[in-house]
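Undergrad: Here's my sequence, what's the structure:
(2 chains)
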2 protein chains.
Amino acid sequence: MNEKTITLAHGAGGKQTNELIGQIFKKYFDNDLLTADDAAVFETEKCRMAMTTDGFIVSPYKFKGGNIGKLSICGTVNDIACMGAKPLYITCAFVIEEGFEIAELEKIAEAMKKTADEAGVKIIAGDTKVAGRGQVDKVFITTTGVGRLYDNANTSGAYAKPGDKVIVTGDVGRHGCTVLVERNDFGIQADVQSDCAPLCNAVEELFKTTGDIHVIRDSTRGGVGTVLYEIAAQSNVGISLNAEAVPVADSVKGICGMLGLEPLYLACEGRLVIVVPQEKAQTVLDKLKSCKYTENSVIIGEVTDTDKGRVILETEIGTKTILPQPTGELLPRIC
Amino acid sequence: MNEKTITLAHGAGGKQTNELIGQIFKKYFDNDLLTADDAAVFETEKCRMAMTTDGFIVSPYKFKGGNIGKLSICGTVNDIACMGAKPLYITCAFVIEEGFEIAELEKIAEAMKKTADEAGVKIIAGDTKVAGRGQVDKVFITTTGVGRLYDNANTSGAYAKPGDKVIVTGDVGRHGCTVLVERNDFGIQADVQSDCAPLCNAVEELFKTTGDIHVIRDSTRGGVGTVLYEIAAQSNVGISLNAEAVPVADSVKGICGMLGLEPLYLACEGRLVIVVPQEKAQTVLDKLKSCKYTENSVIIGEVTDTDKGRVILETEIGTKTILPQPTGELLPRIC
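TA: As a prediction, the model looks like this:
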């Protein structure tokens, strides 16, 4: 393969497609299950399995703290983990713009491999399509994952109960802020890095400690605020948030202040919102603090039987305001 | 939801995304496993499972005989079937261009639902992203499927053996020809319709008859010719093709004649290439002829221990020529 950029022939399903697969994808994704057939085959026991899919169209496709490849693996293993499941297998489908640099594609594949290894998942099948110039913006990736539910898992956005504590596993809004800065629409220079990370190992530790976890959600598109509203609606409860307890990095605070953005609505790609019974909150918090990527977990609020369907911000001096409902597109192509 | 076209807000993960999901996707895809959580959960027995993914970027997104929605389901259930497996669950991820008509999206979802029902699969999870105008061409769909291998299945592109018969399940090249005509690049008017169809029910019948099926492949991108070359390479065998036996519709013949195209290299989306031991060929053929979409199955050649890695065209008068190896991009965005 002598070309330095992607051509339409790389998406034609013939010789050049096979060369691209061999020299980029097989090089990084190779494992005992990855095959040249139409589908991969894996063995399974009698169990409950979780399955999820996500399209990634982030722009720019690389940013401080990651690129679209790392993001695509993190997004999918985190979604599986949020069901109380151990991610096992992932497929990835690329749509690449004609003219995209093959060296850049290799960096994306390398990041996917590294993240998949860290998450303990195998990439077992893939697909490559090429669209002409101007028909797709550089590179889109869709990843789909399956995983096995922990035997003691029983979590859902609908299971939050009044009295439960709400935990966030680190400072919020960093991914959204990073993409915003990289995109440079606003001419901002700031030292902020995406929180993009695989959280499945932390979740696995959690389920070794207790199965009594009502809700786990990753706060991606729409941020923590949107996730809280979804939980409030699905569980038909209110959520009372201690405004001061929500961790926000200084750089994120600064950018949000300048642009009038609410950090609670900026995407995270390495943060979980976890809702647990009050009596388990400290145990869960201690466990999270001992795990990579969730060291800075903190309780930010609790579930109420008042204000159903709403998220209420409480300040230290006791004032209460309704967190405005998320609407519209704050920042397109964040993930 | 009063908008008639897709806006960036539909992809923001908030209120408008949920409205779109509720009014289009849930309306058609609703089933007991589709959830509002990050992933769907299904139960499984101890078994072998097949998993496959495919991105669909066909242009135009609708054509005689189908649209991108029907194509995306067929492509994935057919890939699962080609492993000797019964497709069970499908996920779908949409990337939609800002400004795309919601009524058109609904037709796509409707086609997906209809095809999924026919194939006996459930759509259990999805994702919707919106890219700005000019950042994606109308609509792309990535579908991923899992299925359960039949207990007696043992097929792979690597299992063709000298003496085996090669069957194709109908006339070749219709999907490629249809897209070509619809795209109107060549100013051709012709009455040709895509062969796009779900073939998993026919394959299920086949495995009830015999597990002794060496290879099953669907001849999509690159057509039957490319699939035969792949089998020849994977199995390290030759394939001898009876040129006159390959079924080609008159309309396809006409178009190929005008444009100097080889029907063997035009994509099908409803045709299988099946390689079976000689002694099983008639049984398999009879079964295929009794199934929907494979009524016109025919033996087109056999596997040889000569000409390894090559596909040889034989004519009735005994001349032999090497089918040229597929290279390059005949027709981009065919699927």
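
Undergrad: How is A:Phe207 assigned, secondary-structure-wise?
TA: helix (DSSP: H, G, I helix; E, B strand; the rest coil).

Undergrad: Identify the residues contacting it.
TA: Going by Cβ atoms under 8 Å, 6 or more residues apart in numbering or on different chains, A:Phe207 touches A:Gly84, A:Tyr150, A:Asn152, A:Ala153, A:Ile213. To be clear about C-beta, it is placed using only N, CA and C from the backbone, and glycine gets the same treatment.

Undergrad: Quick check, pLDDT for A:Leu261.
TA: For A:Leu261, the pLDDT comes out at 89.

Undergrad: State the three-state secondary structure for it.
TA: Taking three-state DSSP, the label given to A:Leu261 is coil.

Undergrad: Spell out, range by range, the helices that occur in chain A.
TA: Along chain A, counting by DSSP state H, helices occupy A:15-20, A:26-29, A:68-81, A:102-119, A:174-183, A:200-209, A:223-235, A:250-259, A:281-289.

Undergrad: which one of these has the lowest average pLDDT?
TA: helix A:15-20 has the lowest average pLDDT among the helices of chain A, namely a mean of 85.

Undergrad: Can you tell me which helices and strands that one packs against?
TA: Applying 3 or more Cβ pairs under 8 Å, 6 or more residues apart in numbering or on different chains; DSSP states H and E, one finds that helix A:15-20 contacts no other helix or strand.

Undergrad: ok, and for stretch A:157-170, which residues are buried?
TA: A:Gly157, A:Ala158, A:Tyr159, A:Ala160, A:Asp164, A:Lys165, A:Val166, A:Ile167, A:Val168, A:Thr169, A:Gly170 (16 or more other Cβ atoms under 10 Å in any protein chain shown).

Undergrad: how deep is A:Gly126 tucked in, by neighbour count?
TA: 24 (other Cβ atoms under 10 Å in any protein chain shown).

Undergrad: could you point out where chain A is predicted with low confidence?
TA: A:1-2, A:327-330 (pLDDT under 70).

Undergrad: residue closest to the middle of it?
TA: The centre of chain A sits closest to A:Gly75, judged by Cα atoms, centre = their mean, with a distance of 3.3 Å.

Undergrad: in the sheet, who's paired with the closest residue to that one other than its chain neighbours?
TA: Nearest residue to A:Gly75 in three dimensions, chain neighbours excluded: A:Asp54, at 4.9 Å (Cβ to Cβ, 6 or more residues apart in numbering or on different chains). Beta-bridge partners for A:Asp54, by DSSP bridges, are A:Thr143.

Undergrad: my guess is A:Asp54 contacts A:Asp79, does it?
TA: Yes - shown here, A:Asp54 and A:Asp79 form a contact pair, counting by Cβ atoms under 8 Å, at 6.6 Å.

Undergrad: got the contact list for the spatially closest residue to A:Ala131 that is not a sequence neighbour?
TA: Leaving out its chain neighbours, the residue that sits closest to A:Ala131 by Cβ to Cβ, 6+ apart is B:Ile57, at 5.4 Å. B:Ile57 sits next to A:Val95, A:Lys129, A:Ala131, A:Gln135, A:Val136, B:Asp137, B:Phe140, B:Arg333, B:Cys335 when contact means Cβ under 8 Å, 6+ apart.

Undergrad: Done for today, thanks.
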